[in-house]
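Asks: what's the 3D shape of this:
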Amino acid sequence: MTREFTCIICPNGCEISATIENNIVVKTEGSLCKKGEEYVVQEITAPKRTISSSIKVRGGELPLVSVRLSDFIPKEKIFEVMDEIKKVEVEAPTHIGQIVIENVLGLGSNVVITKNICKRQ
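Replies: You can find the predicted model right below:
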(Lines give C-alpha, C1' and ligand atoms only; values in the text may rest on other atoms or scores of the structure.)
Protein backbone atom coordinates (compact mmCIF):
# COMPACT_ATOMS: atom_id res chain seq x y z
CA MET A 1 0.00 0.00 0.00
CA THR A 2 1.19 3.54 -0.74
CA ARG A 3 0.23 6.53 1.44
CA GLU A 4 0.93 10.21 1.00
CA PHE A 5 2.16 12.40 3.87
CA THR A 6 2.95 16.08 4.28
CA CYS A 7 5.85 16.35 6.69
CA ILE A 8 5.26 18.83 9.54
CA ILE A 9 8.71 18.65 11.14
CA CYS A 10 10.26 21.64 9.36
CA PRO A 11 9.09 24.52 7.12
CA ASN A 12 9.84 22.57 3.90
CA GLY A 13 6.55 20.67 4.21
CA CYS A 14 7.79 17.83 2.01
CA GLU A 15 5.19 15.74 0.20
CA ILE A 16 6.32 12.20 0.98
CA SER A 17 5.08 9.03 -0.64
CA ALA A 18 5.52 5.94 1.55
CA THR A 19 5.20 2.30 0.64
CA ILE A 20 3.89 0.38 3.65
CA GLU A 21 3.72 -3.38 4.15
CA ASN A 22 2.33 -4.90 7.37
CA ASN A 23 2.54 -1.51 9.15
CA ILE A 24 6.23 -1.21 8.24
CA VAL A 25 7.56 1.56 6.01
CA VAL A 26 9.64 -0.15 3.35
CA LYS A 27 10.28 2.85 1.08
CA THR A 28 9.85 6.63 1.07
CA GLU A 29 10.16 9.20 -1.71
CA GLY A 30 10.00 12.98 -1.67
CA SER A 31 11.70 13.83 1.60
CA LEU A 32 14.40 16.50 1.41
CA CYS A 33 16.00 15.33 4.65
CA LYS A 34 16.23 12.37 7.02
CA LYS A 35 13.69 13.96 9.37
CA GLY A 36 10.94 13.47 6.79
CA GLU A 37 11.58 9.75 6.62
CA GLU A 38 11.63 9.56 10.44
CA TYR A 39 8.34 11.48 10.58
CA VAL A 40 6.61 9.01 8.26
CA VAL A 41 7.86 6.00 10.25
CA GLN A 42 6.67 7.62 13.48
CA GLU A 43 3.26 8.41 11.94
CA ILE A 44 2.81 4.76 10.98
CA THR A 45 4.15 3.13 14.14
CA ALA A 46 3.36 5.57 16.99
CA PRO A 47 1.90 8.96 15.99
CA LYS A 48 2.80 11.82 18.34
CA ARG A 49 1.66 15.41 18.64
CA THR A 50 2.24 18.51 20.71
CA ILE A 51 -0.42 20.84 22.08
CA SER A 52 -0.71 24.61 22.35
CA SER A 53 -3.58 26.01 24.39
CA SER A 54 -4.37 28.61 27.05
CA ILE A 55 -5.25 28.64 30.74
CA LYS A 56 -6.99 31.13 33.00
CA VAL A 57 -5.00 33.77 34.88
CA ARG A 58 -6.32 35.19 38.17
CA GLY A 59 -5.45 38.82 38.84
CA GLY A 60 -3.63 39.33 35.54
CA GLU A 61 -3.63 42.11 32.98
CA LEU A 62 -5.00 39.47 30.60
CA PRO A 63 -7.53 36.74 31.47
CA LEU A 64 -5.65 33.94 29.69
CA VAL A 65 -2.05 32.89 29.15
CA SER A 66 -0.74 30.64 26.38
CA VAL A 67 0.78 27.26 27.23
CA ARG A 68 2.40 24.45 25.28
CA LEU A 69 3.80 21.00 25.88
CA SER A 70 7.55 20.65 26.35
CA ASP A 71 7.62 17.42 24.35
CA PHE A 72 5.49 15.30 22.05
CA ILE A 73 2.83 12.98 23.44
CA PRO A 74 1.03 10.00 21.88
CA LYS A 75 -1.68 11.26 19.54
CA GLU A 76 -4.36 9.22 21.29
CA LYS A 77 -3.68 11.07 24.59
CA ILE A 78 -4.45 14.59 23.26
CA PHE A 79 -7.96 14.81 24.67
CA GLU A 80 -6.93 13.45 28.07
CA VAL A 81 -4.10 16.00 28.28
CA MET A 82 -6.46 18.80 27.22
CA ASP A 83 -8.82 17.77 30.03
CA GLU A 84 -5.93 18.22 32.50
CA ILE A 85 -4.97 21.60 31.00
CA LYS A 86 -8.59 22.83 31.32
CA LYS A 87 -8.45 22.24 35.10
CA VAL A 88 -5.52 24.63 35.63
CA GLU A 89 -5.62 28.29 36.67
CA VAL A 90 -2.59 30.36 37.65
CA GLU A 91 -2.09 33.52 39.66
CA ALA A 92 -0.46 36.53 37.99
CA PRO A 93 2.32 37.28 37.36
CA THR A 94 3.26 34.47 34.98
CA HIS A 95 6.63 33.91 33.36
CA ILE A 96 7.75 32.28 30.13
CA GLY A 97 9.00 28.79 30.90
CA GLN A 98 6.98 28.44 34.11
CA ILE A 99 5.80 24.84 34.45
CA VAL A 100 2.12 24.57 35.37
CA ILE A 101 1.76 20.78 35.08
CA GLU A 102 4.86 18.67 35.51
CA ASN A 103 4.95 15.32 33.66
CA VAL A 104 1.31 15.57 32.59
CA LEU A 105 -0.39 12.16 32.88
CA GLY A 106 3.03 10.56 33.32
CA LEU A 107 3.81 11.09 29.62
CA GLY A 108 7.16 12.82 30.17
CA SER A 109 5.97 16.22 28.94
CA ASN A 110 5.41 19.39 30.97
CA VAL A 111 2.76 22.05 30.36
CA VAL A 112 4.74 25.29 30.11
CA ILE A 113 3.67 28.95 30.00
CA THR A 114 4.75 30.82 26.86
CA LYS A 115 3.90 34.43 27.76
CA ASN A 116 4.64 36.83 30.58
CA ILE A 117 1.48 38.26 32.17
CA CYS A 118 1.79 41.05 34.75
CA LYS A 119 -0.49 41.56 37.73
CA ARG A 120 -3.49 43.77 37.10
CA GLN A 121 -2.95 47.25 38.56
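
Asks: R68 versus S17, what's the distance?
Replies: 31 Å (C-beta to C-beta, to the nearest Å). (C-beta placed from N, C-alpha, C; glycine too.)

Asks: residue nearest the centroid of this protein?
Replies: Nearest to the mean C-alpha position of the chain, by C-alpha atoms, centre = their mean, lies T50 at 0.7 Å.

Asks: Could you pull up the residues touching the nearest residue to E80 once chain neighbours are set aside?
Replies: Nearest non-adjacent residue to E80, counting by C-beta to C-beta, 6 or more residues apart in numbering: L105, 6.0 Å away. Counting by C-beta atoms under 8 Å, 6 or more residues apart in numbering, L105 makes contact with 73, 77, 80-81, 84.

Asks: what's the answer for I99, then?
Replies: Neighbouring residues of I99 by C-beta under 8 Å, 6+ apart: 70, 110-113.
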